[in-house]
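Asks: What shape does this take:
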Amino acid sequence: MSDKETAISIEELCVMKMTQSNDKNSVVSTSKPRKVIIFSAEESSDIAGIDKLATAVEGTKASGQTDKPKIQKVPMVLRGHINFEKFYEPRAVPIGPIHHKDEKLQLAQQYKPRLAARFVKESGKTTTDLYEKIKEEMEELKLFFDPEVIKDYKEDELSWMLFLDGCSTLQFMHGVANNKMREYNIKSDQVAFAQQDLFLLENQIPFKVLTLLIDSSNAKADLNKSIKRFLQMNVMAPSHMWESIDIDIEKEDPTHLLELLQKFAVSQSTKHDELWKKCFPLSFLIREKQNTSQKSFRNMKELREAGIDLKPSKTCSLKDIHFTSICFTGRLKLPPLVVDDSTGPKLLNMIAYEMCPDNFRTDYEVSSYVSLLDSLIDHSNDVKELRSAKILYNLLGSDDEVAHLFNEIATDLVTCPSFYDEVISKIQKHYENKMMTWMAEAYNTHFSTPWTILAFVGALIALGLTFVQTWYTIHPADPGN
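Replies: Okay, the predicted model is just below:
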């Protein structure tokens with residue numbers, strides 16, 4: 001088509017003719033006539049569709065996939081979970097717009113004004129001062145949400161909700177971290193359920209709401225300290241390892257509390273970890289090449305039979321997983337994990353956050369960890385091995401329940417192939433070495449316990465005495481000598 005040709009649809013041509021006939025006083029153009037090529041309605045629709053597609057592509061390039069993921073509902077692929085309500089929906093307190101109008105949670109709403117009033121009092125500011133801080137930033141705060149979840153709320157209604165939820169959440173975390181919940185007249189069981197609810201994907205408000213309120217408070221340092229302590233308490237690590245989790249909250253910029261909990265769970269304050277982050281694309285390619293064989297081991301029992309022992313890692317970071325092979329023995333180091341009623345919801349909601357369609361900032365750390373742990377656990381005996389090695393702390397109930405939990409939550413996972421590829425490759429290489437396996441079996445048979453060692457030594461002594469007796473029977477001593 002030449003520069004002088006113009007493509008228009010039949011409908012556009014009709015409009016042009018009507019305009020010319022109605023506008024008799026219009027000035028006649030002196031430009032050269034254009035050659036008009038007429039497309040049908042169907043062809044015109046196709047062209048419009050292509051234009052829209054091109055616009056969408058340009059929009060994707062402009063965004064660069066660097067924006068924060070929105071506060072949204074659990075991805076559709078996970079919504080068919082048989083225990084969806086148990087793992088993904090709040091049971092005590094609704095936070096944010098998604099479950100705000102849930103009738104079965106209205107009773108718990110009575111605690112919010114009490115906690116918010118205490119927060120305002122301890123902040124040294126007035127309710128109006130703090131509320132205005134939220135209202136001033138509403139245009140930006142609304143951008144943190146998927147438009148679908150806030151479409152039914154007016155701006156004043158949404159701003160008051162964020163203010164009330166923000167103040168009450170901060171005061172709740174401060175009370176739990178400093179063991180003050182009895183002063184607030186809130187029972188222990190309600191505190192336990194509320195803690196779980198704060199880390200559900202559908203029960204979030206922008207973390208910027210919390211930072212606006214903290215920065216406006218006269219107790220800023222205490223509040224930041226309380227949030228850090230609260231997250232350490234909820235990171236699923238044994239209490240003696242809480243202090244090893246050291247993250248400067250003021251330097252973080254999470255979308256919400258759930259993302260911040262994930263940062264705590266995978267944090268690893270070592271030089272090796274920082275170097276690995278900088279070199280992630282390169283390490284991805286290297287580890288892809290190292291994984292030359294598929295995993296054939298099925299559980300912890302098989303690894304034990306191949307001479308692989310378990311040891312707890314020095315940190316509780318879910319990324320602190322290593323394997324070393326020495327002679328005929330191997331050593332797998334895994335981070336200690338407390339398994340209780342909150343472990344399933346926390347892991348599943350962090351996985352759901354990683355699987356959000358607009359979350360391009362994730363490396364699927366939690367999903368990869370759960371997938372690896374599931375590959376080690378088939379039955380209760382595998383849990384027992386992990387528990388005996390002080391890797392799993394079972395506060396849930398029986399070992400069967402823990403095995404069932406990890407087998408259940410490991411369904412429909414998307415993992416990062418480079419994350420634990422190197423570890424799995426080393427384990428598989430050790431597992432496939434028959435000489436190492438035979439030596440490990442001999443070691444486990446004769447030297448695994450003090451009793452088997454004594455039995456082995458006794459057998460050697462008996463064999464030695466038998467040899468001496470046989471020698472003297474064949475070669476009796478000379479009576480003359």
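
Asks: Contact partners for the residue sitting nearest the centre point of the chain?
Replies: Centroid-nearest residue in the chain, with Cα atoms, centre = their mean: Met350, separated by 3.2 Å. Counting by Cβ atoms under 8 Å, 6 or more residues apart in numbering, Met350 touches 258, 261-262, 265, 366. (Each C-beta comes from the backbone N, C-alpha and C, glycine too.)

Asks: and it, what helix or strand is that in?
Replies: helix 343-354 (DSSP states H and E).

Asks: average pLDDT across that helix?
Replies: The average pLDDT for helix 343-354 rounds to 96.

Asks: immediately after that helix, which helix or strand?
Replies: helix 365-376.

Asks: Please work out the angle formed by the directions of that next one and helix 343-354.
Replies: Put simply, helix 365-376 runs at 130 degrees to helix 343-354, going by axes from the mean of the first three to the mean of the last three Cα atoms, to 10 degrees.

Asks: so what does whichever helix or strand comes after helix 365-376 touch, helix or strand wise?
Replies: The helix or strand immediately downstream of helix 365-376 is helix 380-388, counting by DSSP H and E. Helices and strands touching helix 380-388, by 3 or more Cβ pairs under 8 Å, 6 or more residues apart in numbering; DSSP states H and E, are helix 300-305, strand 392-394, helix 399-409.

Asks: List of residues touching helix 380-388?
Replies: Residues contacting helix 380-388 (Cβ under 8 Å, 6+ apart): 299-301, 304, 310, 334, 376-377, 392-394, 398-400, 402-403.

Asks: Any chance you could give me the helix or strand hosting Asp165 in CSV, C-alpha atoms only?
Replies: Applying DSSP H and E as the criterion places Asp165 in helix 155-177. Provided in CSV are the C-alpha atoms of helix 155-177 (Å, rounded to 0.1, in the frame of the first residue of the first chain):
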residue,chain,number,x,y,z
GLU,A,155,-12.5,5.8,49.1
ASP,A,156,-13.6,7.0,52.6
GLU,A,157,-14.6,3.5,53.5
LEU,A,158,-11.4,2.1,52.3
SER,A,159,-9.2,4.7,54.0
TRP,A,160,-10.9,4.2,57.3
MET,A,161,-10.5,0.4,57.0
LEU,A,162,-6.8,0.7,56.2
PHE,A,163,-6.3,3.1,59.2
LEU,A,164,-8.2,0.8,61.6
ASP,A,165,-6.5,-2.4,60.4
GLY,A,166,-3.1,-0.7,60.4
CYS,A,167,-3.3,0.6,63.9
SER,A,168,-4.8,-2.6,65.4
THR,A,169,-2.2,-4.8,63.6
LEU,A,170,0.7,-2.8,64.8
GLN,A,171,-0.6,-2.8,68.4
PHE,A,172,-1.3,-6.5,68.2
MET,A,173,2.3,-7.3,67.0
HIS,A,174,3.7,-5.0,69.7
GLY,A,175,1.6,-6.8,72.4
VAL,A,176,2.6,-10.3,71.3
ALA,A,177,6.2,-9.4,71.0
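
Asks: The helix or strand just after it packs against which elements?
Replies: Once the chain leaves helix 155-177, the next helix or strand it forms, by DSSP H and E, is helix 188-197. With contacts taken as 3+ Cβ pairs under 8 Å, 6+ apart, helix 188-197 sits against helix 155-177.

Asks: contacting residues around Lys208?
Replies: So Lys208 contacts 137, 140-141, 144 (Cβ under 8 Å, 6+ apart).

Asks: Show me those residues that map onto strands.
Replies: Among these, none falls in strands (DSSP state E).

Asks: Can you read off the backbone torsions of the nearest residue in space to Leu162 that is not next to it in sequence?
Replies: Spatial nearest neighbour of Leu162, chain neighbours left out: Val209 (5.1 Å); criterion: Cβ to Cβ, 6 or more residues apart in numbering. Val209 has phi and psi values of phi -60, psi -40 when expressed as degrees, to the nearest 10.

Asks: In this structure Val209 contacts Glu140, no?
Replies: No: the pair Val209 / Glu140 is not scored as a contact, 10.6 Å apart, by Cβ atoms under 8 Å.

Asks: Among those two, which residue is more densely surrounded?
Replies: The residue with more neighbours, out of Val209 and Glu140, is Val209; 24 against 10, by other Cβ atoms under 10 Å.

Asks: residue contacts, that one?
Replies: Applying Cβ under 8 Å, 6+ apart, the residues contacting Val209 are 134, 141, 162-163, 165-166.

Asks: and the gap between Pro254 and Val120?
Replies: Distance, Pro254 to Val120, by Cβ to Cβ, to the nearest Å: 24 Å.
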